[in-house]
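Participant: Build the 3D model from these lines:
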Amino acid sequence: MRLKPEQLPAHLRKPDLLPIYYLSGDEPLQMLEASDRIRARARALGYEERVVLDSATGFDWRELHEAGANLSLFSSRRIIELRLGSSKPGREGGAALADYAAGCAADNLLLLTSARIDRKTQQTKWFKALEQQGCCIQIWPVEGARLPSWIMDRCRAQGKQMTREAAQLVAQRVEGNLLAAQQEIDKLALLVEQTDIDRDAVLNMVVDSARYQVFDLIENVFLGRSERVVRMLRGLKHEGAEPLSVYGALMWGFRRAGAIAHEVARGKPQEQAYQAQRVPERDRKGLKMLLARLSPAHISALLVDALEVDKALKGALPADGWQLLERFLLSLTGPRLDRPQLDPPQRQQAQLKRA
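Facilitator: Numbering: from 1, shown residues only. As a prediction, this is how the structure comes out:
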C-alpha cells in the first residue's frame, strides 16, 4: 500500500504495524520525523531490539537475510533499519529485498529509507514486493508557496497563532531549510509570551538562518541559480566576509571544472575525469550542470575575466571588487554576460598598470 506523509499518524494508531515501511525522499526533517514516529509506535508495541544496516560500498546483502532470520537475544520483536541513502540496491540488492518481502517474519519490522525514487524504480520487482507486503511513503520537499502555511501549521501545533505575514518572513529567511524553520518555530513558541506571533515578534527573535556560506554559494553558482547567488553574495558582503576568500574558493572549483571540461573534450569519459579530479559524488550534479552550460573555450575566456576580478579585489585595478565578483558569478550561472566595462579613466589607469 501507499500512504501520504500526512496520513501516517492516523495509520500508526491502528492496533498493529505492517511488516515493512519504505520511506523515500530528499527532505531531511520530514524523513527524520516519519522514521521517529514509526520507531516510537514500534517500541510501544514491543519492538525492543533494533538492528541498523547501511548499504554503503561493499555492503553484503546477506546481512539483511541474517537479520531477519536470526532469533532475537533480547526480545521477541525487532526493528531492522536498512538505510539505502542515494544508492540503488542493484540486481543483488533487489533480489534480497524481494526475498525478504516474500518471507518476512511477523515479529520483525523492516524500516527502509532512501533518497527520492523515480518512476522506473517503482516498476521493479523488489519495489512491488515491498509495496504488496508493507507501506511505501514518498516524502516531497515543501515548495516555497506552501512553506508559510506549513510554518503556521507547525506553530498551531505548539499552541501559537502566527500571522501569514510573519510566516512569510520566516520562510524568506530560512530559504526552504525545514530544519532551520523548525528551530525558529521552537524558539518563537518558547520565547514569545503572547499566543499570537506577528511580524514584529519574528523580526525581534529570528536570526537570519539563510545559509550564506561560501561553499553553499559556490554550489548555487554551479547549479545556475542566479537570483539565489546574488542574494547569498550580498548577504556575505553584509556579514563582513572577506571577498578574496570567496573568490579563492570559487576559483578552486572553477579551475577544476575547466580541467574536467578539457579532459572530456580530448575524449576522456566524464566519470573518469571526475575520478581523476577526485570529485565527490555530492558535488557532481552542480559540475555537470555547469559543464552543460559552458564549453571549454567559454571556460578559458572566463578565466581571463577572472584575472580582472582578482586584480580589483587586491586593489591593483580601480574598480569595485564586489561588483565585478557579482558580475563574474552571474556569467557562470547562465548565458555569458559582456565583460565588465570600465569607464575611460579607469581603463587608462588599468593600461598604465599593465604597462
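Participant: Leaving aside the residues adjacent along the chain, what's closest to residue 144?
Facilitator: Nearest non-adjacent residue to residue 144, counting by C-beta to C-beta, 6 or more residues apart in numbering: residue 176, 6.5 Å away. Placement of C-beta: from N, CA and C, glycine included.
Participant: just the strands in the stretch 1-150 of the chain please.
Facilitator: Applying DSSP state E, counting those that start in this stretch to the stretch 1-150 of the chain gives strands spanning 2-3, 20-25, 49-54, 78-85, 108-114, 135-139.
Participant: so can I have a markdown table of these showing mean pLDDT and distance to residue 168?
Facilitator: As requested, those are arranged in a markdown table below (pLDDT from 0 to 100; distance: least, C-beta to C-beta, whole Å):
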| stretch | mean pLDDT | distance to residue 168 |
| --- | --- | --- |
| strand 2-3 | 92 | 30 |
| strand 20-25 | 95 | 25 |
| strand 49-54 | 89 | 39 |
| strand 78-85 | 92 | 34 |
| strand 108-114 | 94 | 32 |
| strand 135-139 | 94 | 24 |
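Participant: I'd like to know which of those strands is closest to residue 147.
Facilitator: Residue 147 sits nearest to strand 135-139 of all the strands of the stretch 1-150 of the chain, at 15.2 Å, using C-beta to C-beta.
Participant: what angle separates the closest one from strand 20-25?
Facilitator: Inter-element angle recorded for strand 135-139 and strand 20-25: 10 degrees (by axes from the mean of the first three to the mean of the last three C-alpha atoms, to 10 degrees).
Participant: Can you list the strands that strand 135-139 pairs with?
Facilitator: strand 2-3 (parallel), strand 20-25 (parallel) (DSSP bridges).
Participant: What residues sit buried inside that strand?
Facilitator: Across strand 135-139, burial judged by 16 or more other C-beta atoms under 10 Å covers 135, 136, 137, 139.
Participant: Quick check: the gap between the last one and residue 22.
Facilitator: Residue 139 sits 11 Å away from residue 22 when distances are taken as C-beta to C-beta, to the nearest Å.
Participant: swap in residue 321?
Facilitator: From residue 321 to residue 22 the distance is 51 Å (C-beta to C-beta).
Participant: To what extent is the closest residue to residue 76 other than its chain neighbours buried, counted in neighbours?
Facilitator: Nearest residue to residue 76 in three dimensions, chain neighbours excluded: residue 107, at 5.5 Å (C-beta to C-beta, 6+ apart). Residue 107 has 15 neighbouring residues, counting by other C-beta atoms under 10 Å.
Participant: was I right about residue 107 contacting residue 69?
Facilitator: No - using C-beta atoms under 8 Å, residue 107 is not in contact with residue 69; the gap is 11.5 Å.
Participant: May I ask you to confirm that residue 149 is in contact with residue 171?
Facilitator: No - with contacts counted by C-beta under 8 Å, residue 149 stays clear of residue 171, the gap being 9.5 Å.
Participant: From the chain's centroid, how far away is stretch 146-158?
Facilitator: Relative to its chain's centre, stretch 146-158 lies at 21 Å (C-alpha atoms, centre = their mean, to the nearest Å).
Participant: quick one, strands of the stretch 151-300 of the chain?
Facilitator: With DSSP E, counting those that start in this stretch as the criterion, the stretch 151-300 of the chain has strands spanning 161-162, 196-197.
Participant: Residue 215: how many residues sit nearby?
Facilitator: Neighbour number of residue 215 under other C-beta under 10 Å is 12.
Participant: got the contact list for it?
Facilitator: Residues near residue 215 by C-beta atoms under 8 Å, 6 or more residues apart in numbering: residue 249.
Participant: Kindly give the local confidence score, pLDDT, for residue 342.
Facilitator: On the pLDDT scale, residue 342 is placed at 42.
Participant: residue ranges with poor pLDDT in this structure?
Facilitator: 57, 70-75, 206-212, 335-355 (pLDDT under 70).
Participant: Would you quantify the distance from the nearest residue to residue 63 once chain neighbours are set aside to residue 64?
Facilitator: Spatial nearest neighbour of residue 63, excluding adjacent residues (C-beta to C-beta, 6+ apart): residue 53 at 5.7 Å. Separation of residue 53 from residue 64 (C-beta to C-beta) stands at 6 Å.
Participant: what sits in contact with each of the two?
Facilitator: 80, 82.
Participant: more neighbours, those two?
Facilitator: residue 64 (23 against 19).
Participant: Just give the number of residues close to the spatially closest residue to the more buried one that is not a sequence neighbour.
Facilitator: Distance criterion C-beta to C-beta, 6+ apart; nearest residue to residue 64, sequence neighbours excluded, is residue 96 at 5.3 Å. The tally of other residues near residue 96 (other C-beta under 10 Å) stands at 22.
Participant: Looks like residue 96 contacts residue 89 (just checking).
Facilitator: Yes - here residue 96 reaches residue 89: they are 7.3 Å apart, a contact under C-beta under 8 Å.
Participant: Can you pull the residues that touch both of the two?
Facilitator: What both residue 96 and residue 89 touch, as defined by C-beta under 8 Å, 6+ apart, is the set residue 61.
Participant: Can you pull up the most central residue in the chain?
Facilitator: residue 26 (6.7 Å; C-alpha atoms, centre = their mean).
Participant: Now for it: which residues touch it?
Facilitator: Residue 26 makes contacts with 115, 116, 139, 141, as judged by C-beta under 8 Å, 6+ apart.
Participant: I figured residue 289 hits residue 223, correct?
Facilitator: Yes - using C-beta under 8 Å, residue 289 makes contact with residue 223 at a distance of 5.7 Å.
Participant: Just the CA coordinates for stretch 189-206, please, in CSV.
Facilitator: Provided in CSV are the C-alpha atoms of stretch 189-206 (Å, rounded to 0.1, in the frame of the first residue of the first chain):
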residue,chain,number,x,y,z
ALA,A,189,7.0,29.2,20.7
LEU,A,190,9.3,29.2,23.8
LEU,A,191,10.3,32.8,24.0
VAL,A,192,7.2,34.8,22.7
GLU,A,193,4.9,35.1,25.7
GLN,A,194,1.7,36.0,23.9
THR,A,195,-0.3,33.5,21.9
ASP,A,196,-0.2,35.5,18.7
ILE,A,197,3.1,35.8,16.8
ASP,A,198,3.2,38.7,14.4
ARG,A,199,5.8,40.2,12.1
ASP,A,200,7.4,42.3,14.8
ALA,A,201,7.9,39.3,17.1
VAL,A,202,9.7,37.5,14.2
LEU,A,203,11.9,40.5,13.5
ASN,A,204,12.9,40.7,17.1
MET,A,205,13.5,36.9,17.6
VAL,A,206,14.5,35.3,14.4
